[in-house]
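*Asks:* What would the 3D arrangement of this be:
(2 chains)
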There are 2 protein chains.
Amino acid sequence: MTVGTFRLPNFELDCGAVLPEASLVYATYGELNRDRSNAILYPTSYGAQHSTIDWLIGGDRILDPDRWFIVIVNQFGNGLSSSPSNDPACGLAEQGFWFSHWDSVCAQQALLSQVLGIEQLALIHGWSMGAQQAYHWAIAFPDRVQRIAALCGTAKTTEHNRLFLESLRAALIADPTWDGQRFQATPDRGYKAFARIYASWAASQAFYRAGIYRQQGYSSLEDYLERGWEANYRQRDPHDLLAMIDTWLRCDVSDRPAFGGDLAKALGSITAQTLVMPSTTDLYFTPEDCEAEAQLIPKAHYCPIPSIWGHRAGNPSQNPQDESFIRQAVQALLNAEA
Amino acid sequence: MTVGTFRLPNFELDCGAVLPEASLVYATYGELNRDRSNAILYPTSYGAQHSTIDWLIGGDRILDPDRWFIVIVNQFGNGLSSSPSNDPACGLAEQGFWFSHWDSVCAQQALLSQVLGIEQLALIHGWSMGAQQAYHWAIAFPDRVQRIAALCGTAKTTEHNRLFLESLRAALIADPTWDGQRFQATPDRGYKAFARIYASWAASQAFYRAGIYRQQGYSSLEDYLERGWEANYRQRDPHDLLAMIDTWLRCDVSDRPAFGGDLAKALGSITAQTLVMPSTTDLYFTPEDCEAEAQLIPKAHYCPIPSIWGHRAGNPSQNPQDESFIRQAVQALLNAEA
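*Replies:* Coordinates of the predicted model:
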């Protein structure tokens, strides 16, 4: 693995703000072949950084670095690339500041083209917010994207999904340390509520009914919530957690002048081979919503993951059965004519 | 309608606390017939008071007061009967204090027997926490309950349901006004987060997808959340909201010595004709959980409400289609041999 940082001077964002120097931290795995035809982009999901999602890269995993040159780019707001926690020029919705996925994919395209010499991607593999970025990529740069695998994500955030996000945001900033603009200290109460809301939505009712977390070594529901969820979010700056929600809330591939809010027109413009892969038990990126979008995408293959792991089925780091299902579907996509 | 208050001196609770004077506020509708055979108990649901749920009583509604004598008893903690907001002897889990449903049904039975002269109920009609009370009644007093209609509720709170409740509780007490034991002022931030969590779970994804709230006259999702949800919870004392969660969290009909935690044994002891009626889209009292309990109840009829209204399908005050479905099922239950 090689890690690098790409800097973009005077980078103008959708929200109108201009970052004097935007930065993208990225990691690459494997080797780019001579004709530069084996590049795969793997964008990060909510709260994730490249080191937390590269378990998926390996000879026997979903993305094989012996065959593919895989690039993970950390999305804006995740604490490595430009984020409220590392750049004073970044803010939150409270200050009229947000990153859009268009901002991310434009910066990512510049990185691939200017630094890595990649003009076309064989695949974009994205889960959750990564799937959102894959859809934005396929619409912003149709000639540069041969295939996308969109796992457990939609091209436009639905109203119910927005409500889930609004509940997370309201719970985190309910904390006493929130002054209306920033956190003045660690929001212990906010983290606790945030983690419990997230845990209730990101796994399914069936996941808890089956008691899977007990098989994973957690002694109780409370133990699972604290060690399995809250501890992870506490590793992220709370402003960054809000910033990524602000991006997710505004996710809409149709919000460009060319589409004028017409989602069918936006999705209809996708030329990439598109694997639409929700989880059958995902509670916020529901299979119904993903299937409705798939019907608007010309070369879409709708292939839900049969799983009780809910949203997390698409990130099966502890779940060999779902990983095997995804690996086979992604292999078939990679073997398909672009 | 007649409203009364029933007082119980030195009332000992499951949690070990003794209330010097517990009080139950109740409302009656219709007339008790000579042989006292037309009594229906209608317990209150989470956050509800008799005046907010008696829309269901009417000649053309689900419960007909011309034929039935209907008693709504306000559950402990709801702000009318003994609650943290009206009785200094009441507390919260933080002080080792909680009401159990056993406490409620024992007090309710004393009210019916000692004040109203009712020795047997033709029906207990309960939605959500009302269904929980109906199950406790049927198990605590099998000879006194001929039928129960348990809408959108389980006899034991599942782990996923507990997680939803823990997220609500954590969000409300994340508020700066919470001192660890009590709220020192109105928890504006807590109410906001609480309402958004509740709104995300109590309606279904399909409900939001269909934009039903817009048809109801709300101009936006935010308008719906503020006027349709947050305003209602703000009518309740925040301590009472926590107290009712503390009861819900501990709901388990098998937690008596006679059953020793054996849910099958507890549900197997029910002799009442039991209508188990979840909503097909309920996200926390799922149809799967309700059906599993129905299979353990001797005289159960499992009859899910086909609806996109989620948990609220069982309280169809704005939903004539689901009301008609429920009315027909309850009519059939009332006409069935006890």
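*Asks:* alpha carbons only for contacts and neighbour counts from here, please
*Replies:* Noted.
*Asks:* Which helix or which strand is home to the closest residue to A:Pro176 other than its chain neighbours?
*Replies:* Leaving aside its sequence neighbours, A:Pro176 sits nearest to B:Pro176 (C-alpha to C-alpha, 6 or more residues apart in numbering or on different chains; 4.5 Å). Using DSSP states H and E, B:Pro176 is not contained in any helix or strand.
*Asks:* A:Gln184: what's it in contact with?
*Replies:* A:177-178 (C-alpha atoms under 8 Å, 6 or more residues apart in numbering or on different chains).
*Asks:* Pop out the phi and psi values for it.
*Replies:* Here is the backbone geometry of A:Gln184 (degrees, to the nearest 10): phi -90, psi -10.
*Asks:* And it, how close does it get to A:Trp178?
*Replies:* To A:Trp178, A:Gln184 is 6 Å away according to C-alpha to C-alpha, to the nearest Å.
*Asks:* ok, now A:Tyr224?
*Replies:* 27 Å.
*Asks:* Then A:Leu151?
*Replies:* The gap separating A:Leu151 from A:Trp178 is 34 Å, by C-alpha to C-alpha.
*Asks:* The two: who's more crowded?
*Replies:* A:Leu151 (31 against 17; other C-alpha atoms under 10 Å in any protein chain shown).
*Asks:* Report the beta-bridge partner residues of the more buried one.
*Replies:* The partner list for A:Leu151 in beta bridges (DSSP bridges) reads A:Trp127, A:Met277.
*Asks:* and for the lowest-mean-pLDDT helix or strand in chain A, what are the contacting residues?
*Replies:* For chain A, the helix or strand with the lowest mean confidence is helix A:212-215, at a mean of 92 (criterion: mean pLDDT, DSSP states H and E). Here helix A:212-215 makes contact (C-alpha under 8 Å, 6+ apart) with A:220, A:224.
*Asks:* Pull out the buried residues from that helix.
*Replies:* Counting neighbours by 16 or more other C-alpha atoms under 10 Å in any protein chain shown, one finds that the buried residues in helix A:212-215 are A:Tyr213.
*Asks:* Put the alpha carbons of it into CSV.
*Replies:* C-alpha atoms of helix A:212-215 as CSV (Å, rounded to 0.1, in the frame of the first residue of the first chain):
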residue,chain,number,x,y,z
ILE,A,212,-25.4,-12.5,16.1
TYR,A,213,-23.5,-9.9,18.2
ARG,A,214,-23.3,-12.4,21.1
GLN,A,215,-21.7,-14.9,18.7
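*Asks:* roughly how far out does it sit from the chain middle?
*Replies:* The chain centre lies 26 Å from the centre of helix A:212-215; the measure is C-alpha atoms, centre = their mean, to the nearest Å.
*Asks:* same thing with stretch A:197-207?
*Replies:* 18 Å.
*Asks:* now swap in stretch A:189-202 and tell me
*Replies:* From the chain centre to the centre of stretch A:189-202 is a distance of 18 Å (C-alpha atoms, centre = their mean).
*Asks:* How about the residues of the stretch 101-250 of chain A by chain B?
*Replies:* A:158-160, A:163-164, A:166-168, A:170-171, A:173-176, A:189-190, A:192-194, A:196-197, A:199-200, A:205, A:208-209, A:221 (C-alpha under 8 Å from any C-alpha of the partner chain).
*Asks:* Restricted to helices, list those.
*Replies:* A:159-160, A:163-164, A:166-168, A:170-171, A:189-190, A:192-194, A:196-197, A:199-200, A:205, A:208-209, A:221 (DSSP state H).
*Asks:* are any of these buried, and which?
*Replies:* Among those, the ones that count as buried by 16+ other C-alpha under 10 Å are A:159-160, A:163-164, A:166-168, A:170-171, A:189-190, A:192-194, A:196-197, A:199-200, A:205, A:208, A:221.
*Asks:* for chain A, what spans make up the helices?
*Replies:* Shown for chain A, the helices assigned by DSSP H span residues A:50-53, A:101-110, A:129-140, A:159-172, A:188-202, A:205-209, A:212-215, A:221-223, A:231-233, A:238-249, A:263-268, A:287-294, A:320-335.
*Asks:* how about the first one: buried residues?
*Replies:* In terms of neighbour count (16+ other C-alpha under 10 Å), helix A:50-53 has its buried residues at A:50, A:53.
*Asks:* For the residue nearest to A:Gln133 when sequence neighbours are not counted, grab the count of nearby residues.
*Replies:* Of all residues not flanking A:Gln133 in the chain, A:His101 sits nearest, at 5.9 Å (C-alpha to C-alpha, 6+ apart). When neighbours are defined as other C-alpha under 10 Å, A:His101 has 26 of them.
*Asks:* Check A:Glu222 too.
*Replies:* The tally of other residues near A:Glu222 (other C-alpha under 10 Å) stands at 13.
*Asks:* same deal with A:Arg169?
*Replies:* Residues within reach of A:Arg169, counting by other C-alpha under 10 Å, total 20.
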